[in-house]
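Asks: Have a look at this fold, sequence not included:
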C-alpha cells in the first residue's frame, strides 16, 4: 500500500489497488494482518502506514522469534501471508522482499518477529507447484516462458523445443529448486496447447497454481505399471470369501473408479450391512513412490473436463476399482443393527469380493420408485432392503442430532470442444442418500473400532460452530420468532430441530445460509475428537481410499493391527505414530482445502466464459448473499452468480448485520437473501472470473425455497 497523506478507508484502498468489490472481505483480512504485524496503523475504519522504524523495533533482551511452518499465499501486490500448518494463531505477514523468495503455495519455514505476526522466510520446505502454464517465447538462441499466473516471478528459462511455436501456450515442468536468494525459475516444455485461448489450459493453470498435477513422475508410473492387473490366487487364501454375496457398486453415470460396494439383508429384528471397500493399501506400500505422491496430492480433484487422480489410472480404474464380475481384494465393515438402526455390533476384516453389478444412481432410483429395470431385476430385493435400512439410519441420525444441510449442487455441461453450454442443478435423490447412509455407518463403525482399541488413527473432526457467527444467526432467528437454547450449551440436535421448523418459512434460505456459515470447516486430526455436524462421538474416513489419502492411512493402520496387534499399542510406538499421523492429517486438510478452491475457481471461470458475450442482457435473479459491499445474485435457470455493487443500488448503501439485509435509506430499498430481482449484466472479467450486475427492479418479496436440493460434503 502506497504511503498516503491521510489514512485511507476500505473503498479508497479498493479503488487505488484496482481491486474488485467482491475482494473486500479478503482485503479486510490482509489489512487486519498488516495491523497485527505493525506494518499499518488503524484509526477507526481507516488505515495508514506505520512508522517503519517503530514497526521493526525489537525490545532489548527479547528472545529470538519462534520458527513456524506453513503454506505461503502470495498477494498480487507482492507481499504474502503464511497460513500456519497447525492452524493455530494468526497468519504470518511477509513483506514483498521476503515473500518473493518463494512461490505461491510453497510450504515454508518462517521466523516470526517477537511480539508480532510479521516474519521472514527461513527456507522453502516443499515446492508444491510442479507445473506452470505460460506463453512460449523464442528470442535468438534463447527461449523462455512467461507464466500466465501473475503471482509467479518470470520469465521461466527453458531449452528451445520443437513442441511449440513462438507465442503458443505451453505446459512447463519446473526443474529449478528453491534457493536462499529466491526462485529463479527454470524448466522444460512438456506440452503445447497451441495459440492462446485454450480453455483446458486455463483450467490446468488453476489446478497447477494450487500444487496439483495432471501427470505422474516416472518412478510413480513405473511402480504403477508393475502392479498386477488381476488378483492372484495366493492373495486370497488368508481372506474371508464374500464373492457369493450380491455386493453392488452405486455411482454416477460418469464414474470411472468404484471403491465401495454394499449389501444388506434382514437379520432378526434388524439388519446386517456389509460395506466393502477396495483394499488400496495392499498395492500402495508405505514410503513407496506411489505412496509419497499420493500423500503430496492428498486427494483427487474432480473438474468438469477431467479428473486429476490421487493414484495413477492403472490402480484407480484398474486393480483397485471394484469392477463387476471381477475378483477384487477389499476391507469389509460388517455391521449389525437393531430395528431402529442402532448399531448392535460390528466386525472388520480383509476379504475377497466380486461385484454383482455396476449400478447408477438413476437405475437404483428407478427401482426404488417401483419401475422395472431389467438389468437389476435379480437385485431388486437387495436394493429395497438397503433402502429400508437407509431410511431407518436417516431417522436414527436425525433423532441423535445430525444436521442435514441440503444445499443445491450445480454442474457445468460442456460441449464436444470443452466449452461451457450451461449449468445444471443436480437433484439429490433417495439413491444418493442410500449410499451416503451406508458410508456414514461404515465410517462411524471403524472410528469406534480405533477408539475401543485405543489405537492411533486419523479422525474426521468437526468442531462446534463459531460463537460470534452463531450469535448473529440467533439474533436473526429471534427477530423472526425462533428462539435458541443457551448459546453455550447448544447442541447439533437443537440446530437440526430449528432447521425443521424453518422449512416453508419466508426467511428459511437466509437463516440456513447464516447457520451454514457459522459452521466450522471439517478437518483431519490424529486426536480422538467428535463430529458436531453428524452428532457422532467419533468419526473418520474409511470408504474412499482411491481418492482420499486419510482413508488409505486408515486401511494401512487396520492391516498393521491385524498383522502386529501389540506393535501399535507399545507406548513409544504409539507416540511416534500419533506424531506422524498428525503431520499427515494437517497435510491432508490443507490439500482438501486446495482441491475445493480449485473446483470453485474453475466453476467461476466457466461461468464467466458462458456469460462473456451477454453483457447488456437482463435476467431474473435471486439474492444469494448480502455483504457490506453489495449483494450477490444467482440467475434463475442459469445458476451462475455475480455481484450487484452496493454503490450501484443508491447513495448511503449499508449492510444491516442484525437483520442480515442490504439497506438503501435514500430509496427505502431493502434486500434479503431469497428475494427476487431483475438484473442487467454490466460487465464480465474472464481473467478475474467475475460478473458484475446492476439492479433493474425488485420483482417480489422473499419467497420460500426447497432447501432439499443438494448436499453438503462431510
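Replies: Received it, and whenever you're ready, just let me know what you need. Predicted model only: the values in this text are computed from it and were never measured.

Asks: Work out for me the element the residue sitting nearest the centre point of the chain sits within.
Replies: Nearest residue to the geometric centre of the chain (Cα atoms, centre = their mean): residue 596, 2.8 Å. Assigned by DSSP states H and E, residue 596 falls within helix 571-611.

Asks: Helix or strand next in line after that helix, which one?
Replies: Proceeding N to C from helix 571-611, the next assigned helix or strand is strand 618-627, under DSSP H and E.

Asks: Please list the residues outside that next one that contact it.
Replies: For strand 618-627, contacts defined as Cβ atoms under 8 Å, 6 or more residues apart in numbering pick out 24-25, 513, 631-638, 641, 655, 660-662, 671-681, 693, 696, 699, 705. C-beta: built from backbone N, CA, C; applies to glycine.

Asks: SS state for the nearest residue to residue 225 once chain neighbours are set aside?
Replies: Spatial nearest neighbour of residue 225, chain neighbours left out: residue 314 (6.4 Å); criterion: Cβ to Cβ, 6 or more residues apart in numbering. The three-state label given to residue 314 by DSSP: H, G, I helix; E, B strand; the rest coil is helix.

Asks: downstream neighbour of the lowest-mean-pLDDT helix or strand in the chain in the secondary structure list?
Replies: Across the helices and strands of the chain, mean pLDDT, DSSP states H and E gives its lowest value to helix 52-56, namely a mean of 40. Sequence order places strand 67-74 as the next helix or strand after helix 52-56, per DSSP H and E.

Asks: Need the residues that contact that next one.
Replies: With contact meaning Cβ under 8 Å, 6+ apart, strand 67-74 is reached by 80-86, 91-92, 94, 99-100, 102-112, 119, 122, 125, 128, 151, 590.

Asks: buried stuff in the helix or strand hosting residue 353?
Replies: Assessed by DSSP H and E, residue 353 sits inside strand 343-354. Using 16 or more other Cβ atoms under 10 Å as the test for burial, strand 343-354 gives 343, 346, 348, 350, 351, 352, 353, 354.

Asks: Would you reformat the residues you listed as CSV and include distance to residue 444?
Replies: CSV is the format used below for the buried residues of strand 343-354 (distance: Cβ to Cβ, whole Å):
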residue, distance to residue 444
343, 8
346, 9
348, 12
350, 20
351, 20
352, 25
353, 22
354, 27
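
Asks: out of the residues you listed, which one sits closest to residue 228?
Replies: Residue 228 has its nearest neighbour among the buried residues of strand 343-354 in residue 352, at 14.1 Å by Cβ to Cβ.

Asks: Kindly state the pLDDT recorded for the closest one?
Replies: Looking at residue 352, its pLDDT stands at 98.

Asks: got the contact list for residue 655?
Replies: Residue 655 neighbours (Cβ under 8 Å, 6+ apart): 626, 627, 628, 646, 661, 662, 663.

Asks: no, scratch that, I was asking about residue 358
Replies: By Cβ under 8 Å, 6+ apart, residue 358 lies in contact with 248, 249, 251, 258, 323, 324.

Asks: And residue 646, by the same measure?
Replies: When contacts are counted by Cβ under 8 Å, 6+ apart, residue 646 is found next to 21, 628, 629, 630, 631, 653, 654, 655, 662.
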